[in-house]
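Asks: missing the sequence, but the structure's below:
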């Protein structure tokens, strides 16, 4: 996509650069455009000042001294030259403005693509790391660390389903929250677990929408919660909070939701591994105690 965009804008950029007297630039930079704009208006100001001086001299010209052309004719010529030069400068300024806008848009798109590529790299690396871990405690720590790193979050927690409750199994930023229990349906995390829909929260939280809020939840500067669902089963909720002064966006929420799908699959594998290991241990015990 980047190559196709570059090809489509290159001829227009070169044509506009030529009109704006930016010759010799295959792809003019914003710095070159601003430099050319400064030169353009310095020259335009110089020409206008020269025209004004010439007109003032004509006005002060002694009546007894003859001119090649009449004073009125010379004034008209000078004003015409000034108007022509001003029109040419205006056309060049228009092309410079268009070039600046196009290059700025291209930089914004490039920055957005770079950010998306970085996110994809982090997601892939996190997926490999999660799939390499089968022990549940280590896996949960890996998931929460990767999620906060992915979004540059200020903290977060990972809650697992235990019966009709959610229990904080991992926490970053608030270690005292470990072991906290929330009923399914209560608070923000319980709401997300019950509906199985990701959510981003900013500012004051409405207790009518989220009944059973904990004391610290009525005001949330910026936070996201996503359900951990794999193969139709709910395993828990992943929560992340933004650092002070930053607000999460819908793009951040989509990135966390994609990450949560991988995390839920890894948790499901870890549970299966724990079940199989328990069954193997039970079989070994039976063999040992059997006569």
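Replies: Ah, there it is. Just so it is clear, the model here is predicted, and its values are computed rather than measured.
Asks: from here on, contacts and neighbour counts on C-alpha atoms
Replies: Will do.
Asks: strands of the protein, start to end?
Replies: Using DSSP state E, the strands of the chain run over 155-162, 165-172, 181-183, 199-204, 219-230, 233-241.
Asks: now mean pLDDT, distance to residue 212 and mean neighbour count too, for those, in a markdown table please.
Replies: Output for those, formatted as a markdown table (pLDDT from 0 to 100; distance: least, CA to CA, whole Å; neighbours: other CA atoms under 10 Å):
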| stretch | mean pLDDT | distance to residue 212 | mean neighbour count |
| --- | --- | --- | --- |
| strand 155-162 | 94 | 17 | 22 |
| strand 165-172 | 94 | 13 | 22 |
| strand 181-183 | 92 | 9 | 19 |
| strand 199-204 | 87 | 15 | 16 |
| strand 219-230 | 89 | 14 | 23 |
| strand 233-241 | 95 | 17 | 23 |
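Asks: export these to TSV and tack on distance to residue 275?
Replies: Below are the strands of the chain laid out as TSV (distance: least, CA to CA, whole Å):
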stretch	distance to residue 275
strand 155-162	16
strand 165-172	19
strand 181-183	24
strand 199-204	32
strand 219-230	17
strand 233-241	15
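Asks: which residues does residue 145 contact?
Replies: By CA atoms under 8 Å, 6 or more residues apart in numbering, the contact set of residue 145 is residue 172.
Asks: and it, how close does it get to residue 226?
Replies: 15 Å (CA to CA, to the nearest Å).
Asks: also residue 183?
Replies: Residue 183 is 16 Å from residue 226, by CA to CA.
Asks: what do you get for residue 274?
Replies: Distance of residue 274 to residue 226, given as CA to CA: 24 Å.
Asks: do the same with residue 174
Replies: Distance of residue 174 to residue 226, given as CA to CA: 19 Å.
Asks: repeat for residue 158
Replies: For residue 158, the distance to residue 226 equals 10 Å [CA to CA].
Asks: mutual contacts of the two, please.
Replies: 237-239.
Asks: which ones are touching residue 144?
Replies: The contact partners of residue 144, taken as CA under 8 Å, 6+ apart, are 156-158, 170-172, 238.
Asks: can you list these in JSON lines and add distance to residue 88?
Replies: Formatted as JSON lines, the contacts of residue 144 follow (distance: CA to CA, whole Å):
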{"residue": "156", "distance to residue 88": "59"}
{"residue": "157", "distance to residue 88": "62"}
{"residue": "158", "distance to residue 88": "64"}
{"residue": "170", "distance to residue 88": "67"}
{"residue": "171", "distance to residue 88": "65"}
{"residue": "172", "distance to residue 88": "62"}
{"residue": "238", "distance to residue 88": "60"}
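Asks: out of these, which comes closest to residue 43?
Replies: Checking the contacts of residue 144 against residue 43 with CA to CA, the nearest one is residue 156 at 58.8 Å.
Asks: which residues does residue 234 form beta bridges with?
Replies: For residue 234, the beta-bridge partners are residue 229 (DSSP bridges).
Asks: that one reaches residue 193, doesn't it?
Replies: Yes - Residue 234 lies in contact with residue 193 (CA atoms under 8 Å); the separation is 7.5 Å.
Asks: what touches both of those two?
Replies: Shared contacts of residue 234 and residue 193 (CA under 8 Å, 6+ apart): residue 227.
Asks: what about residue 162, distance to residue 221?
Replies: Distance, residue 162 to residue 221, by CA to CA: 28 Å.
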